[in-house]
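Colleague: Provided below for reference: sequence and predicted model.
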2 protein chains.
Amino acid sequence: MNTEGTRRDEIINTATKLFKEKGYSAVTMRDLATAMGMKAASLYNHINSKQEILKAIIISLAEEFTQGMDIIKKSDQTAIEKLNLIVALHVDITTKNPYGMASLNNDWMHLEGQLEYYLGLRERYEKDFVSIIKSGISSNEIVDTNPEVVMFSILSTLRSLYLWIPRKEEINAKALAQNLSDVLINGINK
Amino acid sequence: MNTEGTRRDEIINTATKLFKEKGYSAVTMRDLATAMGMKAASLYNHINSKQEILKAIIISLAEEFTQGMDIIKKSDQTAIEKLNLIVALHVDITTKNPYGMASLNNDWMHLEGQLEYYLGLRERYEKDFVSIIKSGISSNEIVDTNPEVVMFSILSTLRSLYLWIPRKEEINAKALAQNLSDVLINGINK
DNA sequence: CACTCAAACTAACAAGTGTTAGTTTGATGT
DNA sequence: ACATCAAACTAACACTTGTTAGTTTGAGTG
């Protein structure tokens, strides 16, 4: 038994790139096979279905976010500091797998068996996020605005990071997270 | 000749909703026909191709943004005021056609004949946006941060509005634009 | 009534879809 | 030399795709 899953992982990585460019539905198994330098039927020596690939991409990412949020919400930090940690979490996960984030954002509705599970994780994440903002408002750290608008605004930016991070190799993750935190939390008004 | 294009418009509106839910590639002409209460072949009495529908949805929206930006950039306003106008522009267009915004954001890459034209409009829009931010930094209205990070942050939120506006019938456009401007420009730190 | 015409229909097409079954290849360890 | 086995292959399947051609329907108009 050698390093398990290597060939399968290559297929999933290649699929992730293709899905990011055209979306899950527009990528055929023959497209994927060509990109891998093989015939479509050969893919099935390593994976069981196209759907399984999508699941492998999305669910692991969604669980990473859930775990990150669990740690942050339990941590003994101010609300603002927790928001900074959320920004860092997104920058970190997105830097490691920017293409996968495209599927997470755009192709989750094509999950067949795990759609409910995914939606559950997502709802939970957003609830935790809003809770942190609300507690920051209560503790007078955060201005008293609609907490959902605040979450929406921050989360939209963080969810779009995958579009931006690949072009920004020059900037490192820590600097980007700091820069984003500044803009998102302190605003841009002088 | 009666009110021209009615039936065609109904088809495009129906398609817009379907595209928002599953994406362009995953919606078949038979799906669309069923939603219209007719057979797939009948659609072709009103439209010439599936591609034409996508083009009708995306290009008109992209041109609306371009026109809006042209007016804003020529206007005699401070940079911050121009940013407020951009927020209002997005809220306005998205409120009128939230489903179409989903295609604009997620299915532009499936444009076949007009891809270059679309990308040109988009690039121009982003350049104008960055220019406004830079001029705000020069005039000391805006904090001296990376202008592209600022644009990215604001634009990500504005581009995601389509996900949010349909659930928020209670809030009116003007109030939402004001609320967003506050959060995006002044930040949330107290 | 006969004519027109938009808008639906049925039937079919060629190409492409995900997937299965069975077979060949070639490197590895005995 | 032989057996093994992952990993590729060829061939084919049942079904779906966008689209075309030709036909029928039915309301409105002279």
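Modeller: Yep, it's here.
Colleague: leaving out the residues flanking it, which one is nearest to the residue of chain A found nearest chain B?
Modeller: Residue of chain A nearest chain B, by Cβ to the nearest Cβ: residue A:187 (2.5 Å). C-betas here are computed from N, CA, C, even on glycine. In this structure, residue A:187 finds its nearest non-sequential neighbour in residue B:187, 2.5 Å apart by Cβ to Cβ, 6 or more residues apart in numbering or on different chains.
Colleague: before we move on, the earlier item: the residue of chain A closest to chain B reaches residue B:184, doesn't it?
Modeller: Yes - checked against Cβ atoms under 8 Å, the pair residue A:187 and residue B:184 is within contact range at 7.4 Å.
Colleague: with neighbour numbers in mind, choose between the two.
Modeller: Neighbours per residue (other Cβ atoms under 10 Å in any protein chain shown) separate residue A:187 from residue B:184, with residue B:184 holding more: 26 against 19.
Colleague: now do the contacts for the nearest residue to that one once chain neighbours are set aside.
Modeller: Spatial nearest neighbour of residue B:184, excluding adjacent residues (Cβ to Cβ, 6+ apart): residue B:154 at 5.3 Å. The contact partners of residue B:154, taken as Cβ atoms under 8 Å, 6 or more residues apart in numbering or on different chains, are B:83, B:86-87, B:184.
Colleague: the residues you listed: which two are farthest apart?
Modeller: Farthest pair in the contacts of residue B:154 (Cβ to Cβ) is B:86 and B:184. Separation: 9.9 Å.
Colleague: follow-up on the earlier one: which element is the residue nearest to residue B:184 on?
Modeller: For residue B:154, the element it lies in under DSSP states H and E is helix B:147-159.
Colleague: quick one, phi/psi of residue A:141?
Modeller: phi -90, psi -30 (degrees, to the nearest 10).
Colleague: might one say that it is in contact with residue A:77?
Modeller: No - the criterion here is Cβ under 8 Å, and residue A:141 misses it with residue A:77 at 10.9 Å.
Colleague: how many neighbours does the residue nearest to residue A:182 when sequence neighbours are not counted have?
Modeller: Spatial nearest neighbour of residue A:182, chain neighbours left out: residue B:145 (6.4 Å); criterion: Cβ to Cβ, 6+ apart. For residue B:145, the neighbour count with other Cβ under 10 Å is 17.
Colleague: around DNA strand D, pick out the residues from chain A.
Modeller: For chain A, the residues in contact with DNA strand D (Cβ under 7 Å from any atom of the strand) are A:6-7, A:33, A:38-42, A:45-46.
Colleague: and the strand or helix carrying residue A:125, what's buried?
Modeller: Residue A:125 belongs to helix A:115-138 when assigned by DSSP H and E. Of all the residues in helix A:115-138, those buried under the rule 16 or more other Cβ atoms under 10 Å in any protein chain shown are A:118, A:121, A:125, A:128-130, A:132-137.
Colleague: low-confidence regions, chain A specifically.
Modeller: Applying pLDDT under 70 to chain A flags residues A:1-5, A:168-170.
Colleague: specify the local secondary structure of the most centrally placed residue in it.
Modeller: Per Cα atoms, centre = their mean, the C-alpha nearest to the average position across chain A is that of residue A:101, at 4.4 Å. Recorded secondary structure, residue A:101: helix (DSSP: H, G, I helix; E, B strand; the rest coil).
Colleague: can I assume residue A:57 is in contact with residue A:11?
Modeller: No - assessed by Cβ under 8 Å, residue A:57 is found out of contact with residue A:11, at 11.2 Å.
Colleague: get me the contact residues on chain A for chain B.
Modeller: Proximity of chain A to chain B, by Cβ under 8 Å from any Cβ of the partner chain, involves residues A:21-23, A:25-26, A:80, A:106-107, A:109-110, A:140-143, A:145-146, A:149-150, A:152-153, A:156-157, A:159-160, A:163-164, A:176, A:179-180, A:182-190.
Colleague: of those residues, just the buried ones, PyMOL syntax please.
Modeller: Buried residues within those, by 16+ other Cβ under 10 Å, are selected in PyMOL with:
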select buried, chain A and resi 23+25+26+80+106+107+110+141+142+143+145+146+149+150+152+153+156+157+159+160+163+164+176+179+180+182+183+184+185+187+188
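Colleague: okay, helices next: where are they in chain A?
Modeller: Counting by DSSP state H, chain A has helices at residues A:6-22, A:29-36, A:40-43, A:50-74, A:79-96, A:98-106, A:115-138, A:147-159, A:161-164, A:173-181.
Colleague: ok so, going back, what angle do helix B:115-138 and the helix holding residue B:154 make with each other?
Modeller: 120 degrees (axes from the mean of the first three to the mean of the last three Cα atoms, to 10 degrees).
Colleague: please name the nearest non-neighbouring residue to residue A:162.
Modeller: residue A:101 (3.5 Å).
Colleague: do residue A:185 as well
Modeller: residue B:189 (5.2 Å).
Colleague: pull up the gap between the residue nearest to residue A:187 and residue B:175, please.
Modeller: Distance, residue B:187 to residue B:175, using Cβ to Cβ, to the nearest Å: 19 Å.
Colleague: re the thing from before, quick check, the residue nearest to the centre of chain A in contact with residue A:161.
Modeller: Yes - counting by Cβ under 8 Å, residue A:101 touches residue A:161, with 7.1 Å between them.
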